[in-house]
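Chemist: following is a predicted model, sequence given first.
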Amino acid sequence: MIGDLDFEVIGRSLPYLLRGLQYTVQLTVVAALGGTFFGTLLAMARLSSFRPVSLTAAGYVNLMRSVPLLLVIFWFYFLAPVIVQSVMGWERPPQIGAERSAYITFIMFEAAYFCEIMRAGIQSISKGQVGAAFALGLNYWQAMKLVILPQAFRNMLPVLLTQTIVLFQDVSLVSLLNVTDFVGASVKIAQRDSRVVEMYAFVAVVYFILCYSLSTLVKQLQRRIAIIH
Amino acid sequence: MHLGIFLEQVPDGNMAWWQMLASGLGWTLATAFFAWIMAFVLGSIVGVVRTTDNHWAVRIGDAYVELFRNIPLIVQFFIWYFVVPGLVLAVKRWVVTLDPTQHQFVTAVICLGFFTSARIAEQVRSGIQSLSRGQRNAGYALGLTQTQTYRFVLLPMAYRIIIPPLTSEIMNLIKNTAVAYSIGLVELFFRTREMAEMTFRYFDAFTAATVIYVVIALTANRVMALIERRLAVPGYITGGK
């Protein structure tokens, strides 16, 4: 069997694969930033003392965390046009396509996971700091922005980055909607050239090298920013 | 929602759609069950190995965990389904004797078993390492061998400590079975999509699947909380309410 392998297929299709990888990276970065933003808002909502707000946020987070990502990807693929239509007040649903609906999906899905991280981050700040901020005359938003969130981010940065590496891997599921991400590109080449073994082995190696290096960097960062109590 | 759709017959079969989804759920649970057993056994072994004094064994255990953690699950499915039979002649010979459903099921169990075992190994290791050094030393001082110390002192405490993260891993495993859709296993997500595409009732089909997954998650959560309470060592661990 080994004799039949032809790894030249990788060289031939490299530009196409790299374009797929570029989409994967883009989607990861956008979803991580968007997810952190909405996740932080969700975390603040979950910690709110106003029950309807905290319960709604908790319900959303628990719902997202108990269904498979694949189901969420397909949900948003079908719902995104309807949501955009009703938000913009258009007469008919726009053509969005899987490639763009994936941005909405991953921002909304990751928001639930980043919410739990940020909630732990906010709760790691001692009550005294909140009291001190209010005593200085800051209002809620100022206290959050100037005192609590900067420290929460710092404490949680390694966890946020680890979650982003998980996200980077999870993005590969969009290939099941026929999107040409890194895995999607490799599936198309593998099928066209009947080079399944070579392509998937190559993709696995690339992911391993990227994710392992990134997680090693995160570990180093964790050691550097750790606050010694 | 028009619930009548679930009672309608599947075009090419003598089943209603709800029975189709139920059979998908059956495959999901069966896959998760066997994968969990495999993951628990393998993960426990690798996790224990990583806490021993043997430098090389620890390295191999670490490499095992890194290998399965740094490759996306769907790519791991492709590796087990396409690459392994393509490279190993003996596997290929065996695989062609299976019917496609058996092949998909075995692949899904092996793939999810290895994937989840790496995560369990990480939990088992941190569980053992969270115990104070004195526990291990006390075991040795009593004249227990290393194996006995793990069996009677360290593991009984470590497993209790890691019940909450293991609960999340069970739920992750059940959710991850949906990725087996990529190799064509007829589990719950596969059936949901099939129903949506054949009836054009996307909203109904997806809502049903969402409800089923949420119910599974809640049930798994409750069952594990019950186990945690049952196994709690008095005065030691505060768990499940």
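Modeler: Done, it's in.
Chemist: list the buried residues of the longest helix seen in chain A.
Modeler: Scanning chain A for the longest helix, with DSSP state H as the assignment, gives helix A:8-46. Buried residues in helix A:8-46, counted by 16 or more other C-beta atoms under 10 Å in any protein chain shown: A:9-10, A:13, A:17, A:20-21, A:23-24, A:27-28, A:31-32, A:34-36, A:38-40, A:42-46. The way it works is simple: take the backbone N, C-alpha and C, and place the C-beta from them, glycine included.
Chemist: and the helices in chain A?
Modeler: A:8-46, A:51-66, A:69-88, A:98-123, A:127-135, A:140-143, A:149-170, A:182-193, A:196-225.
Chemist: follow-up on the earlier one: could you give the angle of the longest helix of chain A to helix A:196-225?
Modeler: Relative orientation of helix A:8-46 versus helix A:196-225 (axes from the mean of the first three to the mean of the last three C-alpha atoms, to 10 degrees): 40 degrees.
Chemist: which residue packs closest to A:Met88, ignoring adjacent ones?
Modeler: A:Pro94 (8.0 Å; C-beta to C-beta, 6 or more residues apart in numbering or on different chains).
Chemist: same question but for A:Ala112, I mixed them up
Modeler: A:Met64 (3.6 Å).
Chemist: quick check: the gap between the one you found and A:Ser215.
Modeler: Distance of A:Met64 to A:Ser215, given as C-beta to C-beta, to the nearest Å: 24 Å.
Chemist: cool, A:Ala111 as well?
Modeler: From A:Ala111 across to A:Ser215, the span is 22 Å (C-beta to C-beta).
Chemist: go on, A:Val203?
Modeler: Using C-beta to C-beta, A:Val203 is found at 18 Å from A:Ser215.
Chemist: tell me which of the two has more neighbours.
Modeler: Higher neighbour count among A:Val203 and A:Ser215: A:Val203, with 29 against 17, using other C-beta atoms under 10 Å in any protein chain shown.
Chemist: give me the neighbour count for the nearest residue to A:Val61 once chain neighbours are set aside.
Modeler: Distance criterion C-beta to C-beta, 6+ apart; nearest residue to A:Val61, sequence neighbours excluded, is A:Ala112 at 4.5 Å. A:Ala112 has 21 neighbours, counted by other C-beta under 10 Å.
Chemist: burial of residue 137, as a residue count?
Modeler: Assuming you mean chain A. Counted with other C-beta under 10 Å, residues neighbouring A:Gly137 total 8.
Chemist: switch to chain B, please.
Modeler: Using other C-beta under 10 Å, B:Asn137 has 12 other residues around it.
Chemist: could you measure from it over to A:Asn139?
Modeler: B:Asn137 is 54 Å from A:Asn139, by C-beta to C-beta.
Chemist: now swap in B:Thr219 and tell me
Modeler: With C-beta to C-beta as the criterion, B:Thr219 and A:Asn139 are 44 Å apart.
Chemist: okay, helices next: where are they in chain B?
Modeler: Ranges of helices within chain B are B:17-49, B:55-69, B:73-78, B:84-87, B:89-95, B:100-129, B:133-141, B:146-148, B:155-161, B:163-176, B:188-199, B:202-231, based on DSSP H.
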